[in-house]
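Student: With the input below, show me the fold.
(one chain, ligands or ions: 2)
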Amino acid sequence: MAILITGGAGYIGSHTTVELLEAGYEIVSVDNFINSHPEAITRIEEITNKSFTFYELDVLDAEALNNVFAAHRIDAVIHFAGLKAVGESVQLPLKYYHTNVLSTLCLCETMERHGVFKIVFSSSATVYGAPESVPIKEDASIGATNPYGRTKQMIEEILQDLALSDPRWSISILRYFNPVGAHQSGRIGENPNGIPNNLVPYISQVAIGKLKQLNVFGSDYPTIDGTGIRDYIHVVDLAKGHIKALERIMNHAGVDVYNLGTGKGLSVLEMITSFEDVTGRRIPYALTERRPGDIAVCYADASKANRELQWSAKKDIWEMCEDTWRWQLANPSGYSKEEWEQAN
Ligand code: NAD
Ligand code: WQD
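Tutor: Ligands and ions are numbered 1, 2, ... in the order given. Predicted coordinates:
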């Protein structure tokens, strides 16, 4: 029996595939490389010294997806595939609703047709919008403030409806906080296209000299140093959370929602200082205006995952910075095309 991973070449999907292979799972992975690179698949096999089946396909392509389910005995699905850039989703909402919502419908319809009823879904702390209080629990009110976040909210509702409609469904909705870091091998990591939107990839590109300085968005928030506070979680901890969620859905029907975060908040300035300490490089920065749509403080109450999944984040801020830096130093252009062509 195999686990199907959608978006398996992406940042979180690639790290989760490594953990699953190392835990002995058989993997079938699909991705259309809209935001990733085939080299990630090669490197997963290299890190684990294990092989798995990969198909280049769009999850919106019902026929291609159907063929995968026909060719393999899929036991459960981890659904990472989707678009994730908040700013782009404001500019191109139809693209986001189409890709994220329709691909999930297509996937769930195909699963139902093939009698597969177990799914782990990548949701996001973004569904909480501006939280009323922190740490945020899973039963806090929901209210995403951008189209990307609303796709996650809609998909969560669709999955809740599915679970209500048929007791065979077993669903785990994981709300990630701020994933950062890379595999400790330095072979896989986050590979943003163009100028990064997120803090840690941006800092890391400043440290290596690709970008001149970091703009710190807002220094007048009601926080310890005026900058925004987030719950940064190491991507390998996050990946391990998926194994725990898989184990849970193997034995529990219905739907459960879990926050995956460390439960600790760090400010932008604290993140800069940590990165400087780990790398020995100075990160030039300027304090600038708040970024529209940003919130002051966001961190998880991850006790439900701890209690029900026996999961908690283990890696601290130092490991997050060290692993990001190892990946950045070894792959200054990410999985660059030239590198891929030379190797093949
Ligand atoms: P990513 O972009 O690195 O990975 C997503 C993968 O899905 C990419 O490889 C992309 O090529 C693929 N993909 C997109 N649309 C597809 C389609 N229609 N068919 C097939 N493949 C498709 O992103 P990530 O950071 O690994 O995020 C994985 C999931 O977790 C996403 O659903 C994202 O919304 C969610 N998430 C990410 C974060 C974060 O900060 N990274 C936080 C919360 C939630
Ligand atoms: C973190 C902090 C910024 C960049 C986003 C998505 C969320 C989820 C995770 C997918 C904030 C500050 C950032 C910069 C800065 N993704 N910052 N200068 O906004 O918490 O969450 O990624 O689901 O949906 O919204 O993460 O890394 O962009 O920002 O000062 O150049 O760093 O203001 O305080 P965010 P981020």
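Student: Are the lengthiest helix in the chain and ligand 1 in contact anywhere?
Tutor: The single longest helix within the chain, with elements called by DSSP state H, is helix 147-165. No - Helix 147-165 lies apart from ligand 1 when judged by Cβ under 6 Å from any ligand atom; the minimum separation is 6.8 Å. From N, CA and C alone the C-beta is placed, and that goes for glycine too.
Student: Just the buried residues of that helix, please?
Tutor: Neighbour-count burial for helix 147-165, with 16 or more other Cβ atoms under 10 Å as criterion, is recorded at 147-156, 159-160, 162-163.
Student: how about stretch 109-123: buried residues?
Tutor: Of the residues in stretch 109-123, those with enough neighbours to count as buried (16+ other Cβ under 10 Å) are 110-111, 114, 116-123.
Student: Could you report the neighbour count for the closest residue to ligand 1 within the stretch 1-150 of the chain?
Tutor: Distances from the stretch 1-150 of the chain to ligand 1, computed as Cβ to the nearest ligand atom, single out Gly10 as the nearest residue at 2.0 Å. Neighbourhood size, Gly10 [other Cβ atoms under 10 Å]: 26.
Student: Where do the helices of the stretch 51-200 of the chain begin and end?
Tutor: Along the stretch 51-200 of the chain, counting by DSSP state H, counting those that start in this stretch, helices occupy 62-71, 86-91, 93-96, 103-113, 147-165, 199-207.
Student: I'd like those helices as CSV, with distance to Ala182 and mean pLDDT appended.
Tutor: Converted to CSV, the helices of the stretch 51-200 of the chain look like this (distance: least, Cβ to Cβ, whole Å; pLDDT from 0 to 100):
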stretch, distance to Ala182, mean pLDDT
helix 62-71, 28, 98
helix 86-91, 22, 97
helix 93-96, 26, 98
helix 103-113, 26, 98
helix 147-165, 23, 98
helix 199-207, 9, 98
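Student: out of those helices, nearest to Lys304?
Tutor: helix 147-165 (15.3 Å; Cβ to Cβ).
Student: Might you report the residue contacts of the residue in the chain that ligand 2 sits nearest to?
Tutor: Proximity of the chain to ligand 2 (Cβ to the nearest ligand atom) peaks at Gly228, 2.4 Å away. For Gly228, the contacting residues are 217-218, 221, 267-268, 294-297, by Cβ atoms under 8 Å, 6 or more residues apart in numbering.
Student: ok, back up a step: my guess is the residue of the stretch 1-150 of the chain closest to ligand 1 contacts Asn35, does it?
Tutor: Yes - using Cβ atoms under 8 Å, Gly10 makes contact with Asn35 at a distance of 6.3 Å.
Student: Which one of the residues in the stretch 201-344 of the chain is closest to ligand 1?
Tutor: Using Cβ to the nearest ligand atom, the single residue of the stretch 201-344 of the chain nearest to ligand 1 is Val235, 8.2 Å away.
Student: neighbours around Asn215, how many?
Tutor: The number of residues packed near Asn215 is 13, by other Cβ under 10 Å.
Student: Output the set of residues of the protein in proximity to ligand 2.
Tutor: Counting by Cβ under 6 Å from any ligand atom, the residues of the chain near ligand 2 are 84, 86, 124, 126, 178, 197-199, 202, 214-218, 228, 230, 268, 291, 294.
Student: hmm, try it at 8 Å
Tutor: Residues of the chain found near ligand 2 (Cβ under 8 Å from any ligand atom) are 84, 86, 124-126, 146, 148-149, 152, 176-179, 196-200, 202, 214-218, 221, 227-230, 267-268, 271, 288, 290-291, 293-295, 298.
Student: Show the buried residues in those residues.
Tutor: Applying 16+ other Cβ under 10 Å to those, the neighbour count classes 84, 86, 124-126, 146, 148-149, 152, 176-179, 196, 198-200, 202, 214, 216-218, 221, 227-230, 267-268, 271, 290, 295, 298 as buried.
Student: Okay, and which of the residues you listed map to strands?
Tutor: Of the positions in those, 124, 176, 178-179, 214, 216-217, 229-230, 267, 298 sit in strands, assigned by DSSP state E.
Student: Please name whichever of the helices of the stretch 51-200 of the chain is nearest to Arg43.
Tutor: With Cβ to Cβ, the closest approach to Arg43 among these belongs to helix 199-207: 17.9 Å.
Student: other SSEs contacting that closest one?
Tutor: On a contact count with 3 or more Cβ pairs under 8 Å, 6 or more residues apart in numbering; DSSP states H and E, helix 199-207 meets strand 178-180, strand 214-217, helix 268-279, helix 317-330.
Student: mind running it again at 7 Å?
Tutor: Contacts defined by 3 or more Cβ pairs under 7 Å, 6 or more residues apart in numbering; DSSP states H and E place helix 199-207 against strand 214-217, helix 268-279, helix 317-330.
Student: tell me the contacts of the residue nearest to the spatial centre of the chain?
Tutor: Among the residues of the chain, the one closest to the centroid is Ile12, at 4.5 Å (Cα atoms, centre = their mean). Ile12 is in contact with 80, 122, 179, 235, 238-239, counting by Cβ atoms under 7 Å, 6 or more residues apart in numbering.
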